[in-house]
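In: give me a model of this one.
(one chain, ligands or ions: 2)
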Amino acid sequence: MASYYAKISTTKLMLLFLTIVVSLQSFSVSSFEYHVGGSKGWVVPPANDTKVYNDWASENRFQIGDTVRFRYRKDSVMQVSEEDYKKCNSTHPTYFSNTGNTVYKLDHPGPFYFISGVSGHCEKGQRMIIKVMEPEDEYPSQHHGDSAPKKSAGSRSALVSFFGASSIALLQLLMLYTASSVLY
Ligand SMILES: *[C@@H]1O[C@H](CO)[C@@H](O)[C@H](O)[C@H]1NC(C)=O
Ligand SMILES: *[C@@H]1O[C@H](CO)[C@@H](O)[C@H](O)[C@H]1NC(C)=O
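Out: Ligands and ions are numbered 1, 2, ... in the order given. Below you'll find the predicted structure:
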């Protein structure tokens, strides 16, 4: 009798352990918040450094679920089409914000085109292409590449939120359900 119960509780413990491991792995899938322009923020770049935002953006590995934060004064952020990006055409943005502190979520793979909506600023280099990787391009060991960017154009902030909440939550619910039904 005693050994029978001992066996059961070992199985239960193992399942509980598995549940915890799976939960932890889920939570390690994280998203990052990038600060555009670092301490300078989203400003007209100096004349000798007009590509500063794209140089910075190309050094980072943006993933779905990551966010970019723009801080600025008397300026704005627009997301536009590729064509409008090239022409600095701000007449019909797909996204617009002028709150001074804009957090934009990169919710799909591929390029995102950002420009300043203030007349003349985009032409002076206040624009940026962010390329978000396809999910299959992601390798855990290379998450977000080579740490800090070389230029002052941007900085990586700390881990801010968890990514893929819905699918992870579902998995965890399933695991918790399995564990509780065995345990109780
Ligand atoms: C741009 O010019 C400033 C002032 O002359 C200088 O300090 C800075 O290093 C230059 N930046 C680049 C990227 O050449
Ligand atoms: C910007 O786009 C609009 C709509 O496509 C067009 O009417 C306008 O001429 C464009 N402006 C410039 C400066 O290209």
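In: does Pro111 touch Ile129 like I think?
Out: Yes - at 5.5 Å, Pro111 and Ile129 qualify as touching, with contact defined as Cβ atoms under 8 Å. Quick note: C-beta positions are derived from backbone N, CA and C, even for glycine.
In: the two: which has the busier surroundings?
Out: Each of Pro111 and Ile129 has its neighbours counted (other Cβ atoms under 10 Å); Ile129 has more, 14 against 11.
In: would the more buried one count as being in a helix?
Out: No - counting by DSSP: H, G, I helix; E, B strand; the rest coil, Ile129 is not part of a helix but strand.
In: give the contact list for it.
Out: Neighbour list for Ile129: Asn54, Ala57, Tyr85, Pro111, Phe112, Tyr113, Phe114 [criterion: Cβ atoms under 8 Å, 6 or more residues apart in numbering].
In: try 10 Å
Out: Contacts of Ile129 were listed using Cβ atoms under 10 Å, 6 or more residues apart in numbering, and they are Tyr53, Asn54, Ala57, Ser58, Glu82, Tyr85, Pro111, Phe112, Tyr113, Phe114.
In: so how do I select the buried members of those residues in ChimeraX?
Out: Buried members of the contacts of Ile129, defined by 16 or more other Cβ atoms under 10 Å, are picked up in ChimeraX with:
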select :53,57,85,112,113,114
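In: in the chain, where is pLDDT below threshold?
Out: 1-8, 10-13, 15-29, 137-173, 178-180, 182-184 (pLDDT under 70).
In: whatever residue of it ends up closest to ligand 1: neighbouring residues, count only.
Out: Taking Cβ to the nearest ligand atom, ligand 1 has its nearest neighbour within the chain at Asn48, 3.8 Å off. Residues contacting Asn48 under the criterion other Cβ under 10 Å number 6.
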